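S.K.: Sequence first, then the predicted structure, then my questions.
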Amino acid sequence: MARDQIDMTPLQSRDELVAWIEAGVKPESEFRIGTEHEKTPFTLEGHQPVPYEGAKGIGALLEGMKLLLGWEPIMERGNIIGLYDVTGGGAISLEPGGQFELSGAPVETVHQTQSELMAHLAQVREIATPLGIGFLGLGMTPSWSREQIPAMPKGRYKIMRNYMPKVGKYGLDMMFRTCTVQTNLDFSSEADMVKKLRVSLALQPIATALFANSPFTEGKPNGFLSFRSEIWRDTDNARSGMIPFAFEDGMGFERYVDYALDVPMYFVKRGEEYIDVSGSSFRDFFAGNNKILPGERPTLSDWANHLSTIFPEVRLKRYLEMRGADGVPWGRLPALPAFWVGLLYDNDSLDAAWDIVRHWTAPERQALRDDVPRFGFKARIKDRYLFEIAKECLVLSHAGLRRRGRIDHLGRDESRFLEPLERIIEAGRSPAEEMLEKFNGPWKGSVEPAYQEYAF
């Protein structure tokens with residue numbers, strides 16, 4: 001998650017909310033790729049969760065990273081909770097259960113994404129290994145109960161922790177037990193944003209199936225291929241899902257703002273303090289009618305923070321965030337930005353992808369999204385298996401990356417990063433299905449070998 005913004009100008013009109021998002025519009029020559037990934041820390045000895053405190057805790061890991069990298073610490077009430085790279089724009093932050101997140105800097109090519117990732121992993125290992133900490137690349141912790149996982153000292157998470165059980169069955173699982181990889185991409189106009197949002201929303205289940213690898217809960221198969229994706233179906237439906245209004249006439253920045261105004265808030269940040277306003281709408285706050293802060297008007301920072309607490313399958317901020325994929329081992333991480341860059345940053349591929357999805361109805365898109373956590377590639381839409389559509393999209397992405405023609409020092413274009421996904425399509429099964437075969441075969445009914453085979 002990004003750092004909470006600090007621009008304290010009070011807002012006067014809805015137009016300012018729209019303008020804040022619209023400021024993301026940029027020419028194609030300035031398009032960038034941002035990749036974020038989370039990984040679960042575990043003790044190398046015993047494969048247990050890692051607490052924040054102590055000489056071998058998450059706090060110590062962040063302190064070590066601060067010394068190694070020279071990045072600015074992000075502090076909260078005397079605790080180090082993240083690091084920020086003032087020069088490059090990257091950041092390291094903590095999710096509620098200690099999941100360690102790299103928010104990559106905005107880069108121009110997937111080659112740079114790969115380089116950034118390799119550097120990050122080398123740096124993290126240098127500090128983590130002596131502390132006896134390893135990292136797992138799965139969409140969900142395979143063996144721990146929720147109760148076992150220590151909470152990180154972040155004010156916003158305390159508010160979310162209290163609120164989540166009121167609005168869904170799985171909110172605390174989402175917070176404490178899941179990991180994702182996501183990619184953030186730009187748009188050149190309002191119309192370009194709408195087209196990319198529609199295509200990527202409709203096709204998000206393909207990323208879910210290609211990256212599905214969370215089939216275990218507390219040491220046993222949970223009946224799903226991506227339980228992380230299933231968790232999002234009952235976390236907080238007022239702020240997540242397939243946002244069907246995005247496909248209606250008149251969709252644009254204003255329509256998204258109207259949606260966001262009615263999404264219940266979590267918190268308002270004033271100085272160091274997080275004020276719990278959970279369940280109240282930004283619209284009421286905007287009108288000066290927040291019961292906790294009567295007469296007070298929101299600032300641009302409040303708006304930016306609020307937008308970061310909305311969790312649809314694709315999120316609009318000043319860029320679009322692809323949110324449908326499970327966290328994966330390092331070798332497969334660059335495949336996610338590669339897949340979406342090939343589809344969305346090449347106009348021919350974007351048009352062809354729109355042709356695939358344009359006739360799908362809202363109920364059909366929803367049914368596909370509902371089915372994919374359990375059935376993966378075997379989910380269907382309009383008499384087609386998702387597998388066939390995934391195959392088609394991979395071909396389009398590959399062609400888009402080739403046409404982009406961004407070459408590395410060995411003369412290779414970005415399509416090489418799709419190789420792990422092409423292997424998955426060739427095998428005809430998702431990573432989760434492969435893991436389940438191992439569990440029932442060589443792993444002899446134990447998830448412990450995952451801590452070697454799927455570690456960073």
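M.R.: Good, I have the coordinates.
S.K.: State the pLDDT value of the residue lying closest to residue 286 once chain neighbours are set aside.
M.R.: Spatial nearest neighbour of residue 286, chain neighbours left out: residue 298 (5.9 Å); criterion: Cβ to Cβ, 6 or more residues apart in numbering. Bear in mind the C-beta positions are built from the backbone N, C-alpha and C, glycine included. Residue 298 carries a pLDDT score of 96 in this model.
S.K.: what does stretch 409-428 rub up against?
M.R.: With Cβ atoms under 8 Å, 6 or more residues apart in numbering as the contact definition, stretch 409-428 has outside contacts at 109-111, 114, 210, 331-332, 334-335, 337-339, 341-342, 377, 387, 390-391, 394, 397-398, 401-402, 404-407, 430-431, 434.
S.K.: buried ones in that stretch?
M.R.: Neighbour counts over stretch 409-428 (16 or more other Cβ atoms under 10 Å) mark 413, 414, 415, 416, 417, 418, 420, 421, 424, 425 as buried.
S.K.: Show me the two of these that sit farthest apart.
M.R.: Farthest pair in the buried residues of stretch 409-428 (Cβ to Cβ) is 413 and 424. Separation: 20.3 Å.
S.K.: Output the below-cut-off pLDDT ranges for the stretch 1-150 of the chain.
M.R.: Under the criterion pLDDT under 70, the flagged ranges of the stretch 1-150 of the chain are 1-7.
S.K.: Break down it into its strands, ranges please.
M.R.: Secondary structure of the stretch 1-150 of the chain (DSSP state E, counting those that start in this stretch): strands located at 33-43, 72-76, 79-84, 91-94, 100-103, 133-136.
S.K.: what do you get for the stretch 301-450 of the chain?
M.R.: In the stretch 301-450 of the chain, the strands defined using DSSP E, counting those that start in this stretch lie at 311-312, 314-316, 320-322, 380-381, 384-385.
S.K.: Can you check which of the ones you listed gets nearest to residue 15?
M.R.: Distances from residue 15 to each of those were compared using Cβ to Cβ; the minimum, 16.9 Å, belongs to strand 314-316.
S.K.: Quickly run through the sheet partners of the closest one, with directions.
M.R.: strand 320-322 (antiparallel) (DSSP bridges).
S.K.: List of residues touching the strand it pairs with?
M.R.: Under Cβ under 8 Å, 6+ apart, the answer for strand 320-322 is 182-187, 193, 196-197, 200, 204, 207, 314-315, 336, 340, 344.
S.K.: Work out the gap between that strand and the centre of the chain.
M.R.: Computed by Cα atoms, centre = their mean, to the nearest Å, the separation of strand 320-322 from the middle of its chain amounts to 8 Å.
S.K.: mind listing what's buried in it?
M.R.: Judged by neighbour count (16+ other Cβ under 10 Å), strand 320-322 contains these buried residues: 320, 321, 322.
S.K.: which of these lies closest to residue 98?
M.R.: Nearest to residue 98 among these: residue 321, at 22.1 Å, using Cβ to Cβ.
S.K.: Would you check how far apart the closest one and residue 297 are?
M.R.: As defined by Cβ to Cβ, to the nearest Å, residue 321 lies at a distance of 27 Å from residue 297.
S.K.: Next: residue 262.
M.R.: Counting by Cβ to Cβ - residue 262 and residue 297 are separated by 18 Å.
S.K.: now residue 225
M.R.: Between residue 225 and residue 297 the distance is 46 Å, computed by Cβ to Cβ.
S.K.: quick one: which of those two has more around it?
M.R.: Using other Cβ atoms under 10 Å, the more surrounded residue of residue 225 and residue 297 is residue 225, with 32 against 14.
S.K.: For that one, give its distance to residue 132.
M.R.: If you measure residue 225 against residue 132 using Cβ to Cβ, the figure is 32 Å.
S.K.: got it, and residue 200?
M.R.: Taken as Cβ to Cβ, the span from residue 200 to residue 132 is 40 Å.
S.K.: ok so, going back, taking the contacts of strand 320-322 one by one, which sit in strands?
M.R.: The members of the contacts of strand 320-322 that map onto strands under DSSP state E are 182, 183, 184, 185, 314, 315.
S.K.: Tell me the one among those nearest to residue 142.
M.R.: Each of these was scored against residue 142 by Cβ to Cβ, and residue 182 proved nearest at 21.0 Å.
S.K.: is it true that that closest one touches residue 35?
M.R.: Yes. Under the criterion of Cβ atoms under 8 Å, residue 182 makes contact with residue 35 at 7.4 Å.
S.K.: list residues touching both of those two?
M.R.: Common neighbours of residue 182 and residue 35 (Cβ under 8 Å, 6+ apart) are residue 336.
S.K.: out of these two, which sits in the more crowded spot?
M.R.: With other Cβ under 10 Å as the criterion, residue 182 and residue 35 differ in neighbour count, and residue 35 comes out ahead with 27 against 22.
S.K.: check contacts around that one.
M.R.: With contact set as Cβ under 8 Å, 6+ apart, residue 35 has these partners: 104, 113, 116, 117, 181, 182, 183, 184, 333, 334, 336, 337.
S.K.: Please report how far the fifth one lies from residue 288.
M.R.: As judged by Cβ to Cβ, residue 181 and residue 288 stand 40 Å apart.
S.K.: higher neighbour count, those two?
M.R.: Set residue 181 next to residue 288 and count neighbours by other Cβ under 10 Å: residue 181 wins out with 28 against 12.
S.K.: is that one in a bridge, and if so with what?
M.R.: Beta-bridge partners recorded for residue 181 (DSSP bridges): residue 37.
S.K.: contacting residues for it?
M.R.: By Cβ under 8 Å, 6+ apart, the residues touching residue 181 are 35, 36, 37, 38, 211, 325, 326, 327, 328, 333, 336.
S.K.: That one and residue 422, how far apart?
M.R.: Relative to residue 422, residue 181 is positioned 18 Å away (criterion: Cβ to Cβ).
S.K.: what does residue 37 give?
M.R.: Going from residue 37 to residue 422 by Cβ to Cβ gives 21 Å.
S.K.: next one: residue 447
M.R.: For residue 447, the distance to residue 422 under the criterion Cβ to Cβ works out to 27 Å.
S.K.: related to what we said a few turns ago, which one of the contacts of residue 181 is nearest residue 353?
M.R.: Out of these, the member with the shortest distance to residue 353 (by Cβ to Cβ) is residue 336, at 15.9 Å.
S.K.: so how far is residue 267 from the closest one?
M.R.: Distance, residue 336 to residue 267, using Cβ to Cβ: 29 Å.
S.K.: No further queries at this time; thank you.
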